[in-house]
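Asks: Give the three-dimensional model of this entry:
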Amino acid sequence: MEFTSDRKKLIELAHYKMPFGKFKERYLIDLPEAYLVWFQRNGFPKGKLGEHMRAILEVKMNGLEGLIRKIREEFPIDTQ
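Replies: Predicted coordinates:
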């Protein structure tokens, strides 16, 4: 099992921001659950954004938002 890959994916998920719309530049974890449910009903965007939005909805539905926020705090992304 490749834990390094899973770790990188979780860190990326924790730092991913909405690239457009009303919630542009907000972390996905901070999007309202109703907004994510709307996308679930009407279709998530294609690609990485859609995958991340699906994952965040699952996280929210299972009450694990704190875990994602903690990952974001403990594993900052190097901006250099």
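
Asks: who touches the closest residue in space to L67 that isn't next to it in sequence in this structure?
Replies: Of all residues not flanking L67 in the chain, V59 sits nearest, at 7.3 Å (C-beta to C-beta, 6 or more residues apart in numbering). Glycine gets a C-beta too; all of them are placed from N, C-alpha and C. By C-beta atoms under 8 Å, 6 or more residues apart in numbering, the residues touching V59 are I29, E65, L67, I68.

Asks: I'd say the first one and R69 touch.
Replies: Yes - taking C-beta atoms under 8 Å as the contact criterion, I29 and R69 are neighbours in contact, 6.3 Å apart.

Asks: list residues touching both of the two?
Replies: A14.

Asks: Between those two, tell me which one has more neighbours.
Replies: Set side by side, I29 and R69 show more neighbours around I29, with 23 against 14, by other C-beta atoms under 10 Å.

Asks: what's around the closest residue to that one other than its chain neighbours, how many residues?
Replies: For I29, ignoring the flanking residues on the chain, the nearest one in space by C-beta to C-beta, 6+ apart is I68 at 4.6 Å. Neighbour count for I68, taken as other C-beta under 10 Å: 23.

Asks: what's the distance between I68 and K22?
Replies: Applying C-beta to C-beta, to the nearest Å, the value for I68 to K22 is 21 Å.

Asks: now H15
Replies: Distance from H15 to K22, counting by C-beta to C-beta: 20 Å.

Asks: okay, the two: which has more neighbours?
Replies: Comparing H15 with K22 by neighbour count (other C-beta under 10 Å), the higher total belongs to H15, at 16 against 9.

Asks: what packs against the host helix or strand of R69?
Replies: Assigned by DSSP states H and E, R69 falls within helix 65-74. Packed against helix 65-74 by the contact rule (3 or more C-beta pairs under 8 Å, 6 or more residues apart in numbering; DSSP states H and E) you find helix 3-15, helix 48-61.

Asks: Show me what counts as buried in the shortest one.
Replies: Meaning helix 3-15. For helix 3-15, burial by neighbour count (16 or more other C-beta atoms under 10 Å) applies to L10, I11, L13, A14, H15.

Asks: and the next element down the chain from the helix or strand of the chain with the lowest mean pLDDT?
Replies: The helix or strand of the chain with the lowest confidence, counting by mean pLDDT, DSSP states H and E, is helix 3-15 at a mean of 88. Sequence-wise, the next helix or strand downstream of helix 3-15 (DSSP H and E) is helix 33-42.
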